[in-house]
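# The sequence and its predicted three-dimensional model are supplied below.
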Amino acid sequence: MTTSSLKSNAKTRRRATVSKTPRKTNERSAENLQRGDEDLTQHLINLLQQNINPWHRDWTTFFGKGPHRNIDSGHEYSGSNPAILELWTALRCYSHPLWIGVGQARKHNWMPRKGSKGCAIMLPVQITYRKRDQDGKELKDNDGNSIMGSFGTFKYSKIFNVQDIHGVTEEAEAKLQEKIRQECESFTPLEPTARLERAERVLGAWSVPTTWSGNKAFYSPSDDRITMPGQDQFLTSEGMYSTWAHEQLHSTGHKSRLNREMGGGFDSVTYAREELVAELGAFLVCNRLQISSDVLNHAAYLKHWIEVLKESPDALRKCLSDASKAANLLCNVEEENPM
């Protein structure tokens, strides 16, 4: 047998070995999730290091163009995805809240512009696997069939903002621009008075009592009570409601509700994490209510958030999950997958 034949056979054997021992689906999923976590978290850290809070904005950022949604299906992104898409918007200065997947774009003869990068959102997935005993032996039922297990998790999926999409032909480009125009014009925001009335109705229905006195806004876990400055002390009504939403988000973490860890002083990671959850949750609530999310954060908050994010790659995803659950509880909304 020639040397080249030996090398060829060795390569064949190596390929065969690899094909017989593929990585488990859940392992690949975990690795992909970790890469997505690291990427998204680093982007947020980069913004915070510039003293930019992507969730501190006026509702009119998109000039009445509506919520983040899919331009092809009309689906409005829910769970924590509005907060994620707001982060991407701050990073890349998008002016449209309209998004689309590559496969969807191809149906219309559209495609991403050369050099553009997709934005990762979270999608729920169900992972199935063969159950094994403590010794690693596969478990079987009475008929000899593998006993399967499953668990829910999330994966990152890339979508593109319409500013990064173009038509392959002039006709396709014209249809794309017309679709963008129609989508933006079809959204009719609530009148300011109606938005404030809805905010009062939703936040006023929350079970935790609020005392309106003094000049500080805070939530006391020991008393399970919110304290807010007098309403006449706020410069704007939306500023008052967004601050109230922030403190109400803290109250969702009480041990009788979502039971988040809420102890620690101002400089502690626990305190900073809870503030990040409240900030994210308040943005999600204000986004639903169509009011400004303009709670003022001192630069020290942003610094402490960076410390939280650097603790582990999945810190942001876990904060987003907690914030989404809290926002759903506060707004009395049940979502099958709160991410």
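Alright, I've got the coordinates.
# rest of the way, CA atoms for contacts and neighbours
OK.
# State the distance from residue 227 to residue 204.
As judged by C-alpha to C-alpha, to the nearest Å, residue 227 and residue 204 stand 14 Å apart.
# Which of the two has more residues huddled nearby?
Comparing residue 227 with residue 204 by other C-alpha atoms under 10 Å, the one with more neighbours is residue 227, at 19 against 14.
# Might one say that the more buried one is in contact with residue 215?
No - using C-alpha atoms under 8 Å, residue 227 is not in contact with residue 215, being 9.1 Å away.
# Next, work out how far apart residue 333 and residue 284 are.
Distance of residue 333 to residue 284, given as C-alpha to C-alpha: 12 Å.
# Likewise for residue 95?
Look at residue 95 and residue 284: by C-alpha to C-alpha, they are 19 Å apart.
# Who has more neighbours out of those two?
The residue with more neighbours, out of residue 95 and residue 284, is residue 284; 28 against 15, by other C-alpha under 10 Å.
# buried stuff in the biggest helix by length in the chain?
Ordering each helix of the chain by length in residues (DSSP state H) puts helix 25-49 first. Neighbour-count burial for helix 25-49 flags 26, 29, 33-34, 36-38, 40-42, 44-45, 47-48 (criterion: 16 or more other C-alpha atoms under 10 Å).
# now the helix or strand just after that helix, how far from the centre of its chain.
Using DSSP states H and E, the next helix or strand after helix 25-49 towards the C-terminus is strand 69-70. Relative to its chain's centre, strand 69-70 lies at 14 Å (C-alpha atoms, centre = their mean, to the nearest Å).
# what's in contact with strand 69-70?
75, 76, 77, 97, 98, 99, 100 (C-alpha atoms under 8 Å, 6 or more residues apart in numbering).
# again, but for stretch 78-98
Outside stretch 78-98, the residues that reach it (C-alpha under 8 Å, 6+ apart) are 43-44, 47, 54-55, 61-62, 65-71, 119, 121-122, 161-163, 180, 280, 283-284, 320-321, 323-324, 335, 337-339.
# just for this structure, where's the confidence low?
Residues of the chain meeting the criterion pLDDT under 70: 1-26, 57-63, 294-300, 334-339.
# at 50 what do you get?
Scanning the chain for pLDDT under 50 picks out the ranges 1-23.
# Just give me the residue right at the centre of it.
Among the residues of the chain, the one closest to the centroid is residue 80, at 3.2 Å (C-alpha atoms, centre = their mean).
# Pull up the distance across stretch 206-220, start to finish.
Its start and end residues considered, stretch 206-220 measures 15 Å (C-alpha to C-alpha).
# Now do the strands for the stretch 151-300 of the chain: every range, in order, please.
Per DSSP state E, counting those that start in this stretch, the stretch 151-300 of the chain carries strands over the ranges 165-167, 210-212, 218-220, 225-228.
# Please identify which of those is closest to residue 126.
Between residue 126 and those, the tightest spacing by C-alpha to C-alpha is seen for strand 165-167, at 30.5 Å.
# Check which helices and strands the closest one sits against.
On a contact count with 3 or more C-alpha pairs under 8 Å, 6 or more residues apart in numbering; DSSP states H and E, strand 165-167 meets strand 110-112, helix 170-186.
# can you list contacts of the longest one?
Residues from elsewhere that reach helix 170-186 (C-alpha under 8 Å, 6+ apart): 64, 65, 66, 71, 98, 108, 109, 110, 162, 166, 167.
# Out of those residues, which is nearest to residue 290?
Nearest to residue 290 among the contacts of helix 170-186, counting by C-alpha to C-alpha, is residue 66 at 9.0 Å.
# what's the nearest residue to that closest one if we skip its chain neighbours?
Leaving aside its chain neighbours, residue 66 sits nearest to residue 187 (5.7 Å; criterion: C-alpha to C-alpha, 6 or more residues apart in numbering).
# and what of residue 301?
Counting by C-alpha to C-alpha, 6+ apart, residue 272 is the residue found nearest to residue 301 once chain neighbours are left out, at 7.0 Å.
# contacting residues around that neighbour?
Applying C-alpha under 8 Å, 6+ apart, we find residue 272 in contact with 266, 301, 304, 305, 308.
# and the longest helix of the chain, how far from the chain's centre?
How far helix 25-49 lies from its chain's middle: 12 Å, per C-alpha atoms, centre = their mean.
# And stretch 119-129, by the same measure?
Worked out by C-alpha atoms, centre = their mean, stretch 119-129 lies 13 Å from the chain centre.
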